[in-house]
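In: Generate a structure from the sequence data that follows.
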Amino acid sequence: WLLGQASTLAHRLLYERFTAAGVRPYHYRLLASLDEFGPASQVSLGRSTGIDRSDVVAALNELAEKNLIERSPDPDDRRRNVITITPDGVARLKRLDAVLAEVQDELTSPLSPEERDRLTGLLTKLVTHHTARPS
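Out: Purely as a prediction, here's the structure:
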């Protein structure tokens with residue numbers, strides 16, 4: 001129950017700050033994935049970010065309108081596009097990373113630095129355990 005309440009608070013803060021910055025959380029997730037893993041198809045972006053296929057297309061359209069991503073035909077399969085983050089997209093992502101850091105600082109402000117580190121470690125352990133795929 002407490003994790004759910006903390007998650008709701010975190011999502012609200014993040015949504016408010018990203019909206020003020022002119023983006024939605026989906027935009028951040030897509031840009032971060034492209035920056036970390038490189039160009040990808042729309043389908044693989046949906047899988048890696050956990051965003052529904054139709055929402056991926058809509059969010060990518062919005063990012064393309066802002067020149068934050070580029071679509072190009074996949075040389076191996078002309079029916080699909082490869083999505084690449086642009087230099088403007090990298091710059092926007094860096095600004096959004098700062099927004100995310102501010103939200104995390106606000107959310108964890110009652111905790112000492114040691115408590116923050118411990119909370120991060122414990123949450124990472126939970127997420128890793130429940131998202132690990134059997135080999």
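
In: The lowest-mean-pLDDT helix or strand in the chain: partners in the sheet, and parallel or antiparallel?
Out: In the chain, no helix or strand scores lower on mean pLDDT, DSSP states H and E than strand 77-85, which sits at a mean of 88. Its sheet considered, strand 77-85 pairs with strand 40-41 (antiparallel), strand 69-74 (antiparallel) by DSSP bridges.

In: Could you check how far Lys66 is from His11?
Out: Distance of Lys66 to His11, computed by Cβ to Cβ, to the nearest Å: 23 Å. Quick note: C-beta positions are derived from backbone N, CA and C, even for glycine.

In: ok, back up a step: could I have the CA atoms of the least confident helix or strand of the chain written out in CSV?
Out: Extracted C-alpha coordinates of strand 77-85, given in CSV (Å, rounded to 0.1, in the frame of the first residue of the first chain):
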residue,chain,number,x,y,z
ASP,A,77,12.5,-4.2,-44.0
ARG,A,78,11.0,-1.2,-45.9
ARG,A,79,7.7,-1.7,-44.1
ARG,A,80,9.0,-0.5,-40.8
ASN,A,81,10.7,2.6,-39.6
VAL,A,82,13.9,3.0,-37.6
ILE,A,83,13.7,5.8,-35.0
THR,A,84,16.7,7.8,-34.1
ILE,A,85,17.1,10.6,-31.5
